[in-house]
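Asker: please find the sequence and the predicted model below.
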Amino acid sequence: MATITLDNVHKKFGDTEVIHGVSIEIAEGEFIVIVGPSGCGKSTLLRMVAGLETVTAGEVRIAGARVNETEPMDRDIAMVFQNYALYPHMSVFDNMAYGLKIARVPQPEIRDRVAAAAEMLQLEAFLNRKPRELSGGQRQRVAMGRAIVRKPKAFLFDEPLSNLDAKLRVQMRLEIKDLQKELGITSLYVTHDQVEAMTLADRMIVMNEGVAEQVGRPLDVYSNPGTEFVAGFIGSPATNFLSAEAVGESGRGAAKLGIRPEHARLCKPESGFVRGRMTYAEALGAETLLHLRLPDGALFTLRQDGGGSIPHEGDDCGIIWEERNQLLFLPDGGRL
Amino acid sequence: MSGMVEKRGLSYWMIHAGMILGVLLIFFPIWLAFVASTVSQADIVKPPMPLWPGDQFFENYRRALFSGVNAPVAVMLLNSAVMAIGIAVGKIIISLLSAFAIVYFRFPCRQLVFWLIFLTLMLPVEVRIVPTYEVVARFGMLNSYSGLIFPLIASATATFLFRQFFMTIPDELAEAARVDGSRPMRFFVDILLPMSRTNIAALFVILFIYGWNQYLWPLLITTDPQMNTIVMGIKQMFPSGDDFADWPVIMATSLLAMIPPVFVVILMQKLFVRGLMESEK
């Protein structure tokens, strides 16, 4: 267990800077999720903490000690890779024990620690199998086991669930969360999936184009996005953006108005803030997503409970929301 | 499988008959050589040539193995084996290491080094044989195993093959090993080597036969009959001018020369196939 500190960390590949100065303090035992679209630099940031990429400028500290020049093995971290990176010719046991063997941990202790991790992950029956004889979820567990047996200062996860099918992803997500709570090891988790970010994180870092746009607790980030990008990226279906002018909100210099699908309601065409023509509805059972075409051609998504009445295709509707729920953004994307 | 069994009709037998005929056709010269190695010299030169084995089998093979024409075949077989194994093992070790360096380390002129190695593909032994001979002679390696082996050990082909194979191994594996605390040579021995064993087995077969069949190089640098290799030895048994040729012994030698490569192919094929099946997902 340890704190991790990123202090104004920059990364350049050749002449292109991909990380433009990220700073965060991670407390002991905290679960931090870095989320962002592909190419935003989130994996690079994680790999810098791991020591697999050099740090161009700034400082990475683990447990208070600067590790910029330290090899990955000496940072006392464990990493779970997207494609698991299991050694194909080794049994599950050997895969988990490899790091300990290199560290010259005595044989009996290796056996105990692997056995304990295998029990925790329900892998006891597979210890003698090779990775190719395992299913995706089991391989994922082996990769987790390899990280656990090391008893590292920190876990680093690089999109560990993106190769699993949807159902398994949900299940593994819960297991990871449980395990992290139980072991209390500081964790840094990279994902492009905002559901994973929302459910796993104690705090999350929303990254965009090499900048940490917002750091905060998931629900705070959701209800109070700091920038237009965060409002659009976090939440599914995504926040609707309208030009502030169209809804008469341009007064204080706002350029855009964001409204989440669950905050908007339908009403009579003449009493709505904007009008929309019903295009199609997705009835998902518990909820229904209504897609309306606005006069400027953009689509507006509105979410209502499954029981509500659904307008016919082509009907003109008004859209209304409570003013406290609207998010106003400046022309540069910042929050008003 | 069941589908294949049900197709046993006339065509099945026709195809088999055709294949057996083909095999017999290819096997016939070897059979003739075998027959020739079991009869006496007089039987061979008297037409028509015999088609069934004679009674001189043990006599001819004993003469070939222990006295031969210039040097006993047993000695030549040993020389060939040392040379072929030396070349195959040496080539594999060197190409594994150089491919490892080229793929996993960033050093200045990495691409240049790779292309230099690749360039040597275009220079067969025969082209550089005179300067190579000069070098080997000055090192005093004529008539020695090291002289037979070392000049043939560098291999662009094998380096290239291992490079291609290493490049298919995901980077994450190397990174996982780094995080696990494995230093480069440890990664090489613990991870890369076991993963390459199928390729190593296949290359060993090819390189062993390459080494075994070397003719020109041993002919040049071995003048002592005790250092002759089997392939050049056979050629030297042929009579020059009006000399008398001991055909039964020559044929026995030829057959003996075939046994080790065949043995290696069969032995390694098992390893090779097992390796293939194991790496299959």
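Answerer: Sure, I can see it.
Asker: show me which residues of the stretch 51-200 of chain A are close to chain B?
Answerer: Counting by CB under 8 Å from any CB of the partner chain, the residues of the stretch 51-200 of chain A close to chain B are A:51-52, A:71-73, A:77-79, A:81-83, A:85-89, A:98-99, A:102-103, A:132, A:146, A:150. Every C-beta, even on glycine, is put in place using the N, C-alpha and C of the backbone.
Asker: okay, now the domains of the chain?
Answerer: No chain was given, so I picked chain A. A:4-232, A:238-329 (automatic domain parsing).
Asker: other chain: chain B
Answerer: Looking at automatic domain parsing, the domains of chain B come to B:2-63, B:69-277.
Asker: ok, back up a step: buried ones among the residues of the stretch 51-200 of chain A next to chain B?
Answerer: Buried subset of those (neighbour count, 16 or more other CB atoms under 10 Å in any protein chain shown): A:51-52, A:72-73, A:77-79, A:81-83, A:85-89, A:98-99, A:102, A:146, A:150.
Asker: hang on, the earlier thing: out of the domains of chain B, the one nearest chain A is which?
Answerer: Among those, domain B:69-277 comes nearest to chain A, with 3.6 Å by CB to the nearest CB.
Asker: how far off centre is that closest one?
Answerer: From the chain centre to the centre of domain B:69-277 is a distance of 8 Å (CA atoms, centre = their mean, to the nearest Å).
Asker: cool, stretch A:62-81 as well?
Answerer: 22 Å.
Asker: burial of residue A:202, as a residue count?
Answerer: Residues near residue A:202, counting by other CB atoms under 10 Å in any protein chain shown, number 15.
Asker: please report how far it lies from chain B.
Answerer: 23 Å (CB to the nearest CB, to the nearest Å).
Asker: and residue A:18, that's in a strand?
Answerer: Yes. Per DSSP: H, G, I helix; E, B strand; the rest coil, residue A:18 lies within a strand segment.
Asker: name the helices or strands packed onto the lengthiest helix in chain A?
Answerer: Identified as the longest helix of chain A according to DSSP state H is helix A:166-183. Here helix A:166-183 touches helix A:136-149, helix A:194-200, going by 3 or more CB pairs under 8 Å, 6 or more residues apart in numbering or on different chains; DSSP states H and E.
Asker: using JSON lines, lay out the ones you listed together with mean pLDDT.
Answerer: Output for the helices and strands packed on helix A:166-183, formatted as JSON lines (pLDDT from 0 to 100):
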{"stretch": "helix A:136-149", "mean pLDDT": "90"}
{"stretch": "helix A:194-200", "mean pLDDT": "90"}
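Asker: adding distance to residue B:110, write these out as CSV.
Answerer: As requested, those are exported to CSV (distance: least, CB to CB, whole Å):
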stretch, distance to residue B:110
helix A:136-149, 31
helix A:194-200, 39
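Asker: what comes up buried for the longest helix of chain A?
Answerer: Within helix A:166-183, the residues scored as buried using 16+ other CB under 10 Å are A:169, A:172-173, A:175-177, A:179-180, A:183.
Asker: for the helix or strand encompassing residue A:190, give the mean pLDDT please.
Answerer: Applying DSSP states H and E as the criterion places residue A:190 in strand A:186-191. Here strand A:186-191 scores 93 as its mean pLDDT.
Asker: which residues of the chain score low on pLDDT?
Answerer: Because you didn't say which chain, this covers chain A. Applying pLDDT under 70 to chain A flags the ranges A:1, A:251.
Asker: actually chain B
Answerer: If you take pLDDT under 70 as the line, chain B has these spans: B:1-8, B:68-69, B:241-243, B:272, B:274-281.
Asker: give me that answer again for 80
Answerer: B:1-8, B:41-51, B:54-56, B:64, B:66-71, B:120-126, B:154-155, B:236-246, B:270-281 (pLDDT under 80).
Asker: contacting residues for residue A:133?
Answerer: residue A:126 (CB atoms under 8 Å, 6 or more residues apart in numbering or on different chains).
Asker: cool, and the one 5 residues further on?
Answerer: If you count contacts by CB under 8 Å, 6+ apart, residue A:138 has them with A:123, A:126.
Asker: parallel or antiparallel, list what pairs with the helix or strand that residue A:25 is a member of.
Answerer: Assigning secondary structure by DSSP H and E places residue A:25 in strand A:16-26. Paired neighbours of strand A:16-26 in the sheet (DSSP bridges): strand A:4-13 (antiparallel).
Asker: give me the residues contacting the strand it pairs with.
Answerer: By CB under 8 Å, 6+ apart, the list of residues contacting strand A:4-13 reads A:17-26, A:41, A:44-45, A:48-49, A:53, A:55-62, A:64, A:154, A:186, A:188, A:210.
Asker: where's residue A:54 relative to chain B, distance?
Answerer: Distance from residue A:54 to chain B, by CB to the nearest CB: 12 Å.
Asker: so what's the residue count around that residue?
Answerer: Burial measure for residue A:54: 11 neighbouring residues, criterion other CB under 10 Å.
Asker: with adjacent residues omitted, what lies nearest to the residue nearest the centre of chain B?
Answerer: In chain B, the centroid-proximal residue (CA atoms, centre = their mean) is residue B:209; its distance is 1.2 Å. Leaving aside its chain neighbours, residue B:209 sits nearest to residue B:261 (5.2 Å; criterion: CB to CB, 6 or more residues apart in numbering or on different chains).
Asker: next up, identify which helix or strand the one you found is on.
Answerer: helix B:247-279.
Asker: buried residues in that helix?
Answerer: Result for helix B:247-279 [16+ other CB under 10 Å]: buried residues B:247-257, B:260-261, B:264, B:268, B:271-272, B:275.
Asker: before we move on, what about stretch A:313-326?
Answerer: A:317-321, A:326.
Asker: got those as CSV, with distance to chain B columns?
Answerer: Formatted as CSV, these follow (distance: CB to the nearest CB, whole Å):
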residue, distance to chain B
A:317, 50
A:318, 53
A:319, 47
A:320, 51
A:321, 46
A:326, 44
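Asker: can I get these in CSV including distance to residue B:50 and secondary structure?
Answerer: Putting the buried residues of stretch A:313-326 into CSV (distance: CB to CB, whole Å; DSSP: H, G, I helix; E, B strand; the rest coil) gives the following:
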residue, distance to residue B:50, secondary structure
A:317, 104, strand
A:318, 108, strand
A:319, 104, strand
A:320, 108, strand
A:321, 105, strand
A:326, 106, coil
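Asker: reformat those residues as JSON lines; add distance to residue A:34.
Answerer: Output for these, formatted as JSON lines (distance: CB to CB, whole Å):
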{"residue": "A:317", "distance to residue A:34": "39"}
{"residue": "A:318", "distance to residue A:34": "40"}
{"residue": "A:319", "distance to residue A:34": "34"}
{"residue": "A:320", "distance to residue A:34": "37"}
{"residue": "A:321", "distance to residue A:34": "31"}
{"residue": "A:326", "distance to residue A:34": "28"}
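Asker: farthest pair in those residues?
Answerer: Of all pairs drawn from the buried residues of stretch A:313-326, the one with the longest distance (CB to CB) is A:317 and A:326, at 18.3 Å.
Asker: need the contact partners of stretch A:257-264.
Answerer: A:225, A:228, A:231-232, A:235, A:237-244, A:247, A:249, A:289, A:300-303, A:319-322, A:325-329.
Asker: let me see the contact set for residue B:167.
Answerer: Residue B:167 touches residue B:103, counting by CB under 8 Å, 6+ apart.
Asker: could you redo the last one with a cut-off of 10 Å?
Answerer: B:99, B:102-103 (CB atoms under 10 Å, 6 or more residues apart in numbering or on different chains).
Asker: sort out which residues of the strand or helix carrying it are buried, please.
Answerer: Assigned by DSSP H and E, residue B:167 falls within helix B:156-168. In terms of neighbour count (16+ other CB under 10 Å), helix B:156-168 has its buried residues at B:156-163, B:165-166.
Asker: can you redo these as CSV with distance to chain A?
Answerer: Shown next, in CSV, are the buried residues of helix B:156-168 (distance: CB to the nearest CB, whole Å):
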residue, distance to chain A
B:156, 27
B:157, 25
B:158, 21
B:159, 22
B:160, 23
B:161, 19
B:162, 16
B:163, 19
B:165, 13
B:166, 14
